[in-house]
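Trainee: Return atomic coordinates for the entry below.
(4 chains)
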Amino acid sequence: MTEREVVLDVPVQPPTDLFLPIPKKFLEEAYRGDDYVVLVGPQHPGSGHMRLILRIKGDVILEAIPDPGYVHRCMEKLAENRLYIQNIPLFERPAIMDTGNVTLGYVRAIENALDVEVPERAKYIRMILAELSRIGTHLYDAGILAVFLGHTTGFMWPFALREPIVEAITRISGVRVTSSFIIPGGVRRDVPWKTLEFVRKTTFVLEKRLKSFEKIFIRNPTVIERLKDVGVLSKEEAIKFGVVGPFLRASGVEYDVRAVEPYEAYDSVSWEIPISDHGDSYSRFLVRVEEIAQSISIIRQAVNELRSMPEGNIISEDILQEYSEVASSDIRGFFFKVFGNLVLPSGEFTSLTEAARGTLLYSIISDGESNIPYRARVITPGWYYLKGFMEALRGERLADLQAIYGSFGYFPPEADR
Amino acid sequence: MPELFGVSDILDVISMQHFVQNMVSIPLIQPVIDFLLQIPVLGYIVALILWKPMFALLIFPGLMTLLTVLLFIIWFERKLTARIQWRKGPLEVLRWAGGVIQALADGLRYFFQEVIVHRDAHRLYFLQFPILIFIPVLLPLLFIPAGTIVGIKSPYSLAITVAVVSLIPVFIVAIGWASNSRFAYIGTVREAFMYFAYEIPFIISVISMILVYGTADMVTIVERQAIPGIILNPIAALVFFITTVMATSRLPFEIPEADQEIAFGPFVEYSGIMFGLVMTIAYEKMYILSLLMSILFLGGGNGPAIPLLGDISGVIWLFIKAMAVMVSLAFLRSIYARLRLDQALRVSWTTIMKISLVSLAIGVIINLTTVGVVG
Amino acid sequence: MDDSVDFLNSGIFAPFKKWGTKWSLWPVHLVTACCGVELAHAYASGYDGERLGSLNYGIARQTNLIIVEGAITRKMARVLKITYEQMPEPKFVIVMGACGLKGGLFWNGYHMVRPSDVVPVDFFVPGCPPTPESLLRAIRALQDKIMSGEARSTIEFEKYDLSGIKARSEQPLVPPSPRYCSPTPPIKLDVPRDVDWEFGEKLVEEMKSELKGLYKSITITDKNRIAIHVEKKDVVTIASKLSKKFDHVKNVNVIDIPHEDSFIVEYQLSSYSVKELMPVIVNIFARIPRSDARFPSLTVFWPSADYLEREMYDLFGIWFDGNPAMGERFLLAPDTPEFPLRKDRKLREEQYYEEVKQ
Amino acid sequence: MIKIKVPKLKMLDSVKLHVDALLTGAKEAIRPGTITIEYPRERRKLPDNFRGYILFSPERCKSCWQCSFVCPANAIKMELASNNRYYPSIDYAKCIFCHFCVDTCPVTALRPTKIHDVVYKDLEEMYTPTEGMVNPPKIIREEKYTVEYVVEGRDLILKRTREMDNLIPEIEPHAEVKEYSTCFDPESCLACGLCVNSCPVEAISITTVGQERRLKIDREKCYGCGICVNVCPMHILKLVKRPEEGG
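Mentor: Below is the predicted model of the structure:
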C-alpha cells in the first residue's frame, strides 16, 4: 500500500454501476414510496463539480443527499509533505478567485505561531487584496446565480466587472487569479502608488456599473420572484447546521470574523456588517451585494491610509532577521533563504478568517522540530455550509434547486479541498 | 365533383397558363421574367415558382424565408444579447459582416455530426418526430397572406392556423416521451403544463380579434385594418405577445427547456442534425406567431405601396413587421430570468387570464358597435 | 458505416464539414476544477470566446469539445470518460491547467488522475490557471488543426550552448532534500501561552468548576483559544455540558501519531448565539489507541459536525459511533486507497534533479 | 450593522421594476459598454511584473538549487549540463507560475517574461531543458493592437495602441548579499568530503597537514550558494556576510 503510484482504473467501457454514496435502502424506499430519484451533476448545466441526489415527489424535493469529492485534491495530505512556504500556493487552490482571503488565513496561522508583527503598510496592502478578492468572489457568485436562473446578462456583467478587479490584482501581484502574494510577515512586493490609484479608481467603475446591474438583475422582478421565500433557513437552523459567512448573516446572526476577532487593519477602518432576518435565497444574495459596497468603502479607506505612509518596509523584521536591511521592501533574492527553513514551535495554531463565502479555518499542528507541518487542517466555508445548503433544499421545488445552489454560491473545489 | 379530375382538367391545372394567370407581379424585374418565360423548361419553372400559392410555400412566407430567418434570427439574437452584455458576439467567422453566417457554421457542424440514438430511446419515434414536426410548422405558412400573396384562401384561415400551431407542443411531448430520459420526462411534463398555461389566453385574444374584425379570414382581416389592431385592442395585443413568449418558450418563460435546471428537457438526448432540427422548432414557432401577430395587430402587408415592387411590396412590409416582433422577442432574452413553473402557471391563470377576458370584452364591444359599419 | 465516415472526412463534403466544425467548437459544461474561473472569463465579456464561434453549451450530446478545467480526480475521471463517450463525433479535448497536465501542485496526490490517460487530448494549456488568452489560443490552434489535420505547438525554443561557461572538473554531488521531517516527534496540542486575556481566565475557571473531574487539563493556548484534554469515555458528558454554551462545531480533526500508537481526535467548538463567546474556540481532544479507532459521535449535540465526522472517517478511518453514515465513502472515490491521511500511507517523494539522459 | 430589507412586490412597483430592467437593456443595446479584448487580434497590455514564462541566464547562475527546492509543484529540476554543473530546467506541465523561483534566485538568473498564451500538442514537449530557457522563445503573435484597461472618469474604457508590446521586460536587478561559507567549528569536522564534492565552483578542498586533514574554503571563489551548509552532516558550516570593502 505504501509508496503506491497513482494509477488510473477507468474501464474503457463507460462504467455500468453508479457508485452512489447512499444506502441501497434509500433507493428502495424511494421506489416503494413512488418517489422520483433525480441525480443532478456532475455533468449537468446547472451543477458544479458535484452530484446531488434528490428524492422528489411531484415537483417537491423530499430529501437531498450530497455526493461531494469530485474535486478532492488531497490538500491536507500534501501539506504534510511540503515546506511551510510551499503550502501557500497549495492552500490557495481551494478557491482561487478568493486568493487574498484564502492565503491570508494560512499565513496568519504561521505568523501567529511565530509571533510575527506585520508592518502597517503590509497590513493595508493585504487588506486591499483581501477585499478585492471578496468583491471578485461575490461577483463570481452573482454571475453563477444569474446563469442558474437563466439570466445570461446577469452572468456576463459580473464577470465583466471582475475584469477590472482581475486587472487590479494583476498590477499588484503580477498574475490574474492565483496571486500567492501574501507571505508570512508581509507581502512579496511593495505596491507602487500608481497601482493603488488604479485600485481606487476601479472602485468607482464598479460602483457605476453595479447601478445598471442592480436594475437589470438585482431588482429584476423575475429574479425577486425566483429567490424570495425560497430555501429559508431560520436563525436557529442556520446555527444548528453550522452555516457560515454571509449566509449566516442572512439568517440574522451578526457574526463576522473581521469584527469578532479583528485581524489586519479591520479595526482601524469603518465598515458595517449587513444582516437580514429573512434567511431566504434573496436575502442571502442581497447581503453579499451590500458586502460589495462595504468592501469598496474599505478599499478606499485603505488606499487613503496608504497614501500617507512611506513606501517600502512591507515585510516584518521578525521574520527576515539578518536580511531585514536588504529585503524589507522586496523579497526577491532572499525568498528561500528567509522562508526555506521555517520551523514553527510545537503546538496547535488555529486561525479564523472571514473569506468571501464565510469562515475559513486553518489549524496547523507543528511538532516543533520539522520544517513541514505535522498536520494541517483546513476547513473552507463551502464545507461548513454544505449541510445547511442540503437542509435548505428540503421541501422546495425541483426548479428551486438552482436558485438555492446559486444563492449559497456553493463552489465544490472550495468545499472538497 | 369527379369530373373535375379529368385528364384535361389536370392538364389545365398544371399548364403554364394557369400559373401565369395568378403570378406574382414585380414591375422592377418584369422584363427579366418575361424573357425567362419564353425559354421552354426554365420558363415553366419560373412560372411555377412565381405562381402565388407556390411562391407562398417556397419563397415567402414559406421555406426560403423560413430558413433565412432561422439563420438570421439565431445570429441576431446572439449578437443583440452580446451587445447588451458588453461583448461582441459571433464575429470571426465572417468579420466584415459581423459574423452573420455563424448559424450556418453551427448548422453545418450539426449536419455532419454523428447522430446518437441511445439504448433506452424508442428508436423509431425518436428519429421520426423531429421530422414530422415540420408538418404543423410549415402548414400555417400556407394560410398567411403577405399582401396579395397567399397560399390557400379560406374564411377560416385564422382558426386553422391557430389550431395547427397548437399541435406543436403535442409533438414536443412525443419527442420527450421517445427520449425516455429522466430530464426529458420532467421537461415534457413542464411543456404540457405550459401548454395549458398559455393556450387559453392565446385563443381568447385571437377570438377577441376575430370579434373586432368580424371575420376569421386573414386576408379580410388585413384588408380591414385601416387602423392597426394594436390600437383597436391593445390589451389583446399584450396578451398575444405574452402568450407568444410563453408558447415559444422564450425567457422569462423558458421553462420546458430550462437548460440549467433540466438540461434542455425534452431535447436532452438529441445530437447532431436531429438536435439541429428540434432546437429550431422554437424559432420556427416564433416566426409563425410573429407573422400572425403582425397580421392581427400590425396590419400585415399593409403599408405604403412601392410601385416598382408590385406584389413584393406587401411581402416586404409583412417581413419587416414580423422581424420587429421577433427582435423584441429576442430582446427579452437578455433582460429576464426564468420563472418557475408554478409561478408561470399562476401568472397565466390569474393575471393574463383576467386581462385576456378584458380584451374579449373590448372585442365584443367593438364588434357590437361596428357590426353595421363593416359587417 | 466506416466508408461513409471516411467519405465525410475526405470526400467532397469534407471542406464543409471542416469549415463548420472549425467555427462551431462548442465546449460542454463539464466543470472539473477551479480553472473554470478563467474559462468563464474567456467566455464572458472580457474576452468573449463566442467571437470565435465557440459557445459554452449545456450537455454532452449537443457539443463537440471538452475543456478539462484543471484537476481530474479519480471520482471525476469516470465522469470525464462518460461525457466523452456521450459526445457525438467529431469531438475534441483541450486540457487546461497544470493540475490536468501532470497534476501541477497536486502531482503526488492520492486522488489524482491525468486526463490524458482517460481520453485522447488534442491540446494542453499550461498555467495555474491558464490565462483566458491561452485558452483562446488553444481554440485557435484547434481550429488550425481541424483545417490542416496536423497539431502544432505554438511555442518554439531556441537551443543555447551551455558549454562556454566555466566548468567544474567532475560531477558534483546532489544536495539532500531541504525538507526535514522529525521521525518520532512529540505532539502536544495544549502548549500553554502567556497572553493577556482576562475573559479567558474567567472562562477557564468557570469550565473547571463545571467539568469537575471530567478533564485532564484545561489550558489557554492562545488568545481566544482554550484546549481541554479529556478521556474518550468522558467526551459525551462534556459535550452535553458544553453544548449549552457552544452551539456549533468549527472543526473535527484527527491527528495520527503512529510512533505513539494513538490518534488524537479533537473537536473545536464555538458559539454564534453568545456574543462574548463568538471569538472563542474551545478545543476538546482525546487520545485513542490506533488499534481501536472508535470515537463517540457528537452529532446529537452538534448536527454541524456531521459532514466533518464523515470526512474524518473517509480520511483516517475513525469510526464515529452514532453517526449513521459510517462505513460509506463520502469524499473519496471507491478505488482510492483506504484512509489515505494516515501517516503510514506515503506519497511519492519530490525529485530535485533530472536523471542524466543518455 | 445594516439591516437588509427584502422588497415586497406590489403591482405598481413591479411594473416600475419591469420598465427599469427593460430600459436598462435598451440603453445598453443602443450604447453598449463593451469591454471585449479581441484576443488573437489584440493583446492585453500586461504589467511588467507579470508572471509568465521564465528565462534563465546561465552565466549568472550559481547552481545553488534553491529554485528547485522552493518550487511547490516540483516543476523545476536541476539538470546536469555538459560542463558538470547543475542548471534548472522547468517542466511547464507542472509549473504553476507562482514565481517563487524568481523571487528565490539570489543572483537574478531567472527572469520573468510576459509570455503566457501558449499551447502544446503533447506533454513531453512541455519539459523545457536548460538550453531552451536561455533565449526568448518564439510564439505565435497575431495581434495588431495592444489594449489596455484605463479608467476614465468613472468608467472603464479600452485604450488601443498600434505598437506591439515588448514581452520581455527589463527587470531591475535586486539587492544582493555577498556571502561566503565558513567553518565555525573545525574541531568537529569529519573530513568526509561531502562539501568538497558538492561545491559547484570547487572552492572547498581538504588538505592533509601531517596527521590532520583540514578543510579549506577559498573565499575568493566561494560565492555563498549555501549548498555545503546544507550538506554538512555535522552542521558546522555557515554563511557569513562578506565585508563591504577590502575583505
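
Trainee: C-alpha only now, for contacts and for neighbours.
Mentor: Noted.

Trainee: for the stretch 51-200 of chain C, what spans make up the helices?
Mentor: In the stretch 51-200 of chain C, the helices defined using DSSP state H, counting those that start in this stretch lie at C:74-86, C:98-102, C:115-118, C:132-148, C:198-210.

Trainee: Tell me where the stretch 251-400 of chain A has helices.
Mentor: A:257-260, A:281-307, A:317-320, A:324-327, A:335-339, A:381-393, A:400-408.

Trainee: Of all those, which one is nearest B:M286?
Mentor: B:M286 lies closest, by CA to CA, to one member of those: helix A:400-408, at 27.3 Å.

Trainee: Spit out the contact partners of B:R333.
Mentor: A:H151, A:T152, B:T81, B:R250, B:L251, B:P252 (CA atoms under 8 Å, 6 or more residues apart in numbering or on different chains).

Trainee: same thing but at 10 Å, please
Mentor: Counting by CA atoms under 10 Å, 6 or more residues apart in numbering or on different chains, B:R333 makes contact with A:150-153, B:77-78, B:80-81, B:250-254.

Trainee: out of those residues, who's nearest C:F92?
Mentor: Ranked by distance to C:F92 (CA to CA), the contacts of B:R333 are led by B:R78 at 24.0 Å.

Trainee: Where does pLDDT dip in chain A?
Mentor: Where chain A drops to pLDDT under 70, the residues are A:1-24.

Trainee: on that earlier part again, out of the helices of the stretch 51-200 of chain C, which one sits most buried?
Mentor: Mean neighbour count (mean count of other CA atoms under 10 Å in any protein chain shown) peaks for helix C:98-102 among these, with a mean of 30.

Trainee: Distance from that one to the middle of the chain?
Mentor: Counting by CA atoms, centre = their mean, to the nearest Å, helix C:98-102 is centred 13 Å from the centre of its parent chain.

Trainee: Now compare the contacts of B:R333 and name the two farthest from each other.
Mentor: It's B:L80 and B:F253 that sit farthest apart of the contacts of B:R333, by CA to CA, at 19.1 Å.

Trainee: Excluding sequence neighbours, find me the nearest residue to whichever residue of the stretch 201-350 of chain C sits closest to chain D.
Mentor: Going by CA to the nearest CA, chain D is nearest to C:E350 of the stretch 201-350 of chain C, at 6.5 Å. With CA to CA, 6 or more residues apart in numbering or on different chains as the criterion, C:E350 has its nearest non-adjacent residue at 6.5 Å, and that residue is D:N74.

Trainee: Run a quick check on that neighbour versus D:S68, I expect a contact.
Mentor: Yes: using CA atoms under 10 Å, D:N74 makes contact with D:S68 at a distance of 7.0 Å.

Trainee: shared neighbours, those two?
Mentor: C:Q351, C:Y352, C:Y353, D:I90.

Trainee: Go back to those and keep what's next to chain B.
Mentor: Among these, no residue is within reach of chain B (CA under 10 Å from any CA of the partner chain).

Trainee: sorry, back to before: for the helices of the stretch 51-200 of chain C, could you give me a markdown table that also reports distance to chain B?
Mentor: Shown next, in a markdown table, are the helices of the stretch 51-200 of chain C (distance: least, CA to the nearest CA, whole Å):
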| stretch | distance to chain B |
| --- | --- |
| helix C:74-86 | 8 |
| helix C:98-102 | 26 |
| helix C:115-118 | 21 |
| helix C:132-148 | 11 |
| helix C:198-210 | 50 |
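
Trainee: Identify whichever of those lies nearest to A:I372.
Mentor: The nearest among the helices of the stretch 51-200 of chain C, by CA to CA, is helix C:98-102 at 22.5 Å.

Trainee: ok so, going back, so how far is D:F100 from the residue nearest to C:E350?
Mentor: D:N74 sits 11 Å away from D:F100, going by CA to CA, to the nearest Å.

Trainee: what residues do the two have in common as contacts?
Mentor: Common neighbours of D:N74 and D:F100 (CA under 10 Å, 6+ apart) are A:Q86, D:C67, D:S68.

Trainee: Grab the nearest non-local neighbour of the last one.
Mentor: Nearest residue to D:S68, sequence neighbours excluded (CA to CA, 6+ apart): D:I76, at 4.9 Å.

Trainee: does that neighbour really touch D:S89, like I thought?
Mentor: Yes: counting by CA under 10 Å, D:I76 touches D:S89, with 5.5 Å between them.

Trainee: Check whether the closest residue to chain D within chain B sits in a helix, strand or coil.
Mentor: Minimum separation of chain B from chain D (CA to the nearest CA) falls at B:W86, amounting to 3.8 Å. When classified by DSSP: H, G, I helix; E, B strand; the rest coil, B:W86 comes out as coil.

Trainee: The closest residue to it other than its chain neighbours: which element?
Mentor: Nearest non-adjacent residue to B:W86, counting by CA to CA, 6+ apart: D:T34, 3.8 Å away. Counting by DSSP states H and E, no helix or strand carries D:T34.

Trainee: what's the spatially most central residue of chain D in contact with, if anything?
Mentor: In chain D, the centroid-proximal residue (CA atoms, centre = their mean) is D:H99; its distance is 2.7 Å. D:H99 sits next to A:174-175, A:179-180, D:50-54, D:67, D:70-72, D:105, D:110-112 when contact means CA under 10 Å, 6+ apart.

Trainee: which one of D:I76 and D:S89 has more residues nearby?
Mentor: D:I76 (30 against 24; other CA atoms under 10 Å in any protein chain shown).

Trainee: So is the top helix by length along chain D next to chain C?
Mentor: Counting residues, the longest helix found in chain D (DSSP state H) is helix D:11-30. No: using CA under 10 Å from any CA, helix D:11-30 stays clear of chain C, coming no nearer than 13.4 Å.

Trainee: Pull out the buried residues from that helix.
Mentor: D:S14, D:L17, D:H18, D:D20, D:A21, D:L22, D:T24, D:G25, D:E28, D:A29 (16 or more other CA atoms under 10 Å in any protein chain shown).
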